[in-house]
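Participant: Sequence isn't available, so here's the structure alone:
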């Protein structure tokens, strides 16, 4: 009897944590996703009282739309660019700030983290000024080395403008992943490195054979996180800096969703893009996890 | 059905009563209106802004007075909700007019739903079939054409035909710019009369000895000189290409069509032939001329309107396509001695009329409004000379009521612009709203054209592809 009551109490205790969380999850995640799926099958302006069911027409339309394909391409370009850029630089900084004991490490750690504290909106505006062809920092800097004033329109080449969004995106992301990796590196017992040193391993060898395998879990999480936040959140930086322009050249899925749903009054189509983002995020996560897991097995 | 009939009967009764009674009060109102405007005019030279607001409030007082008389018989009762977006024109006028209307109708409970985010905030109510009674269509996420297509707006065609305002004047006769028709029907009435056009700095032109252009050839000639002097002739905002479309391309199309603006209306009605017309090609050719002569500032493509306006104010560029709100918008950043020159269009040939492409914001009644009587009465209240003159003063933009501008305390550039808009030698394009997809396609295509990515034929091809899809 007593045991049963204790069990019941335990269950109640657990339930008091699980049920509210689950309810919130349902209300704020499951319901919107289901609703998004539902709207994606309608032709709806987003404001009218009536919407007409059109099945999968929005999706058919979507795959015929060249801008959607460009947006997908741009999104994956940013994913790949950010993963490489952020991981290389963040790992480099993390190793530099932990493995080579020097005085200013704490100072630099704070400095590198600052962009993470700044809102993405501010970052976008800031980099817009850097790229400004007339009064921007970049052109002014380049002009120091040339006779004539440099007037490159950094955000104006329709074929390469998406490249210009990489530096701010990487710059804004490094700090967090650097801290994550620093924490991981600091967890590695110093004796491993000492042993390696005695065996005559170089710094590079130590990095490859001790640091990387032992922080691989964190690197994996970082890579997945960069991928997911980029697919879902590249909208902000794009919208602040270019609004998808010029001539739709920097459109990502998120910005095109917004453009279609709220500027061109195709809410159903926008919802369909939302579903696309969800699907691609899921697929990419699974694929990436597979790839990275393979790597772990090999290393351990 | 019953309800509808009842409402119709009631509104007819209210209208009849208010029109006849308003007629009684109108002479009184006009007289005091004149008096107050005189006062404003006399005062404006040496008095401060306070004089203006005082003059405004006298108007309001008389209005309230006349209306108090009107409401003796069929009183407006119940709740009445007004939705208004607060943007560049501010909300001073809205708070004033709503307070005046409330004072005139003490039994009515007027609720003001205003703010910069009101369009988004009230969206669920429109979707749910429970919208505010009266709406001011301005700002993001509200588009009159879309609202008409969505069946959200009350058909005002029959009502407006002979509707009179609180002073007894026929509303349609008072409008400087007639309402836009959607398939021959009227749903919304323009409240603001603003214009796109080309600006320059008169002071700079005088100093450098450049001639202020009156037609396209003069514009090209002076631009050659400007370029030779080391200044870039023309800047626009490539991030928001509707500026160059509204201030340069559309007037150019009308000019190329011998001043006939129906071509733009046909474009808005998604007629493919209109987009393929010679007029469109000629107009696009003018952008190509600017591009090929190197007149367009290279920075244009990537900057937003504020950045382009800043560069213009710094005299880095000589001309900018913009709207009449520019001086107001940038008032804090205008350098000493900067003197705005303005012409509604620069693309006409010598001897051709100037074309003014208007930019407006409209008001409408919700189809599902619960208090349509009050909404109609509010329309009659708003489209009066007194309120129009207040609009010009409090919002710094010309109102769509004829002849109010010179009499008001509006800023001088607004009055200058009004000269163009009321001049018989100016072709005033009435408000046109394009389909949002077509509009976006035209904007993107114009951007691509200005940087040499496509040619005029490419522009037409791109846009007509979208038009065909939309028209399906």
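Facilitator: Structure received. This structure is a prediction, so every number in the text was calculated from the model and none was measured. Numbering: from 1, shown residues only, chains lettered A, B, ... in the order given.

Participant: Next up, phi/psi of residue B:459, please.
Facilitator: Torsion angles at residue B:459 (phi, psi; degrees, to the nearest 10) stand at phi -60, psi -50.

Participant: Around it, how many other residues sit close by?
Facilitator: 24 (other CB atoms under 10 Å in any protein chain shown). (Each C-beta comes from the backbone N, C-alpha and C, glycine too.)

Participant: what's the answer for residue A:150, then?
Facilitator: For residue A:150, the neighbour count with other CB under 10 Å is 15.

Participant: which ones are touching it?
Facilitator: Applying CB atoms under 8 Å, 6 or more residues apart in numbering or on different chains to residue A:150 gives the contacts A:139, A:142, A:143.

Participant: Excluding sequence neighbours, find me the nearest residue to the closest residue to chain A within chain B.
Facilitator: Nearest to chain A, among the residues of chain B, is residue B:150, at 3.3 Å (CB to the nearest CB). Once flanking residues are discounted, residue B:150 sits nearest to residue A:48: 3.3 Å by CB to CB, 6 or more residues apart in numbering or on different chains.

Participant: circling back to that earlier point, JSON lines for the contacts of residue A:150, including neighbour count, pLDDT and distance to chain B?
Facilitator: Listed next are these as JSON lines, based on neighbours: other CB atoms under 10 Å in any protein chain shown; pLDDT from 0 to 100; distance: CB to the nearest CB, whole Å:
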{"residue": "A:139", "neighbour count": "21", "pLDDT": "92", "distance to chain B": "10"}
{"residue": "A:142", "neighbour count": "14", "pLDDT": "93", "distance to chain B": "15"}
{"residue": "A:143", "neighbour count": "13", "pLDDT": "92", "distance to chain B": "14"}
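
Participant: need those in JSON lines with distance to residue B:154 and secondary structure, can you?
Facilitator: Shown next, in JSON lines, are these (distance: CB to CB, whole Å; DSSP: H, G, I helix; E, B strand; the rest coil):
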{"residue": "A:139", "distance to residue B:154": "53", "secondary structure": "helix"}
{"residue": "A:142", "distance to residue B:154": "58", "secondary structure": "helix"}
{"residue": "A:143", "distance to residue B:154": "59", "secondary structure": "helix"}
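
Participant: Check those residues against residue B:218 and report the nearest one.
Facilitator: Taking CB to CB as the measure, residue B:218 lies nearest residue A:139 of the contacts of residue A:150, at 33.0 Å.

Participant: any idea how far the nearest residue to the closest one once chain neighbours are set aside lies from chain B?
Facilitator: Once flanking residues are discounted, residue A:139 sits nearest to residue A:150: 4.6 Å by CB to CB, 6+ apart. Distance of residue A:150 to chain B, given as CB to the nearest CB, to the nearest Å: 11 Å.

Participant: Provide the secondary structure category for residue A:150.
Facilitator: Assigned by DSSP: H, G, I helix; E, B strand; the rest coil, the conformation of residue A:150 is coil.

Participant: Confirm that residue A:147 sits in a helix.
Facilitator: No. Secondary structure of residue A:147 (three-state DSSP): coil, not part of a helix.

Participant: So what's the residue count around it?
Facilitator: 5.

Participant: Ok, residue B:220 next?
Facilitator: Residue B:220 is flanked by 17 other residues according to other CB under 10 Å.

Participant: list the contacts for it?
Facilitator: Contacts for residue B:220 (CB under 8 Å, 6+ apart) come out as B:289, B:293.

Participant: Helix or strand for it, just tell me which one.
Facilitator: Element membership of residue B:220 [criterion: DSSP states H and E] is helix B:216-228.

Participant: Against residue B:438, how distant is residue B:472?
Facilitator: Noted for residue B:472: a distance of 13 Å to residue B:438, by CB to CB, to the nearest Å.

Participant: More neighbours: which of the two?
Facilitator: Neighbour totals were compared for residue B:472 and residue B:438, and residue B:438 leads with 21 against 6 (other CB under 10 Å).

Participant: Tell me where chain A has strands.
Facilitator: Here chain A has its strands, by DSSP state E, at A:42-43, A:52-53.

Participant: what's the answer for chain B, then?
Facilitator: In chain B, the segments counted as strands under DSSP E are B:78-85, B:108-115, B:134-137, B:181-182, B:185-186, B:188-190, B:194-201, B:232-234, B:317-323, B:340-343, B:354-359, B:362-365, B:426-429.

Participant: My read is that the residue of chain B closest to chain A contacts residue A:47, right?
Facilitator: Yes. Using CB atoms under 8 Å, residue B:150 makes contact with residue A:47 at a distance of 5.3 Å.

Participant: how many other residues sit next to the residue in chain A that chain B sits nearest to?
Facilitator: Closest approach between chain A and chain B, counting by CB to the nearest CB: residue A:48, at 3.3 Å. Look at residue A:48: counted by other CB under 10 Å, it has 19 neighbours.

Participant: Please apply the same query to residue A:103.
Facilitator: When neighbours are counted by other CB under 10 Å, residue A:103 comes out with 6.
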